[in-house]
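**Q** Need a 3D model of the following:
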Amino acid sequence: MVAWVNRYIGVPYKYGGDTITGADCWGLVRLVLREEFGVIVPQFFHGEDDDDVPGLIKDNKASVSHVRVADPEIGDLVLLNIRGKPHHIGIIVGNQKERNLLHTLFKQDSALAFYNRGFWSTCIEGFYRVR
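**A** Take a look at the predicted model:
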């Protein structure tokens with residue numbers, strides 16, 4: 001696991017946020033990419049309705065320079081399906097052995113999770129490299 005990840009564990013959930021004082025899932029990804037990799041990706045604002053998220057992802061995916069990868073590395077993104085549609089995103093922070101992602105969910109502080117077992121392993125839409 002990379003040492004810098006500890007700075008981002010426990011970031012409070014904040015709708016539309018992308019700073020260490022508060023972030024939603026896309027904002028947390030933006031924060032880590034910006035601070036740790038020097039990669040700037042756009043902010044996508046959406047309505048209060050969570051049902052907007054799959055459309056938002058579909059409509060804006062092309063505006064982020066990315067390539068789909070089979071074997072994710074630290075700093076790659078994992079897009080996750082919820083209710084059968086791409087609805088959530090996290091960033092890979094562990095190696096192939098650890099298989100950790102950093103993410104935040106609605107009203108939950110950011111945390112680590114394993115993407116290769118349990119609930120999240122059944123939700124993977126794909127892995128993406130944006131740098």
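**Q** For the chain, which residues score under the pLDDT cut-off?
**A** Along the chain, segments meeting pLDDT under 70 span 1, 45-63.
**Q** redo that, cut-off 80
**A** 1, 44-66, 95-97, 131 (pLDDT under 80).
**Q** Could you pull out the strands in it for me?
**A** All strands of the chain, identified by DSSP state E, fall at 18-19, 22-23, 67-69, 77-82, 85-92, 100-103, 111-114, 124-129.
**Q** which neighbours does the first one have in its sheet, and in what orientation?
**A** Sheet partners assigned to strand 18-19 using DSSP bridges are listed as strand 22-23 (antiparallel).
**Q** cool, the last one as well?
**A** Sheet pairing for strand 124-129, assigned by DSSP bridges, gives strand 67-69 (antiparallel), strand 77-82 (antiparallel).
**Q** Out of the ones you listed, which is closest to residue 41?
**A** strand 77-82 (9.3 Å; CB to CB). (Glycine included, C-beta is placed from N, CA and C.)
**Q** Show me what the residue nearest the centre of the chain is bridged to.
**A** Residue closest to the mean C-alpha point of the chain, counted by CA atoms, centre = their mean, is residue 90 at 2.2 Å. Under DSSP bridges, the beta-bridge partners of residue 90 are residue 78.
**Q** cool, residue 112 as well?
**A** With DSSP bridges as the rule, residue 112 is bridged to residue 102.
**Q** Would you mind measuring from it to residue 23?
**A** Residue 112 sits 15 Å away from residue 23, going by CB to CB, to the nearest Å.
**Q** Those two - which one has more neighbours?
**A** Using other CB atoms under 10 Å as the criterion, residue 112 and residue 23 rank with residue 23 on top: 25 against 17.
**Q** quick check, distance from stretch 119-131 to the centre of its chain.
**A** Stretch 119-131 has its C-alpha centroid displaced from the chain centroid by 9 Å (CA atoms, centre = their mean, to the nearest Å).
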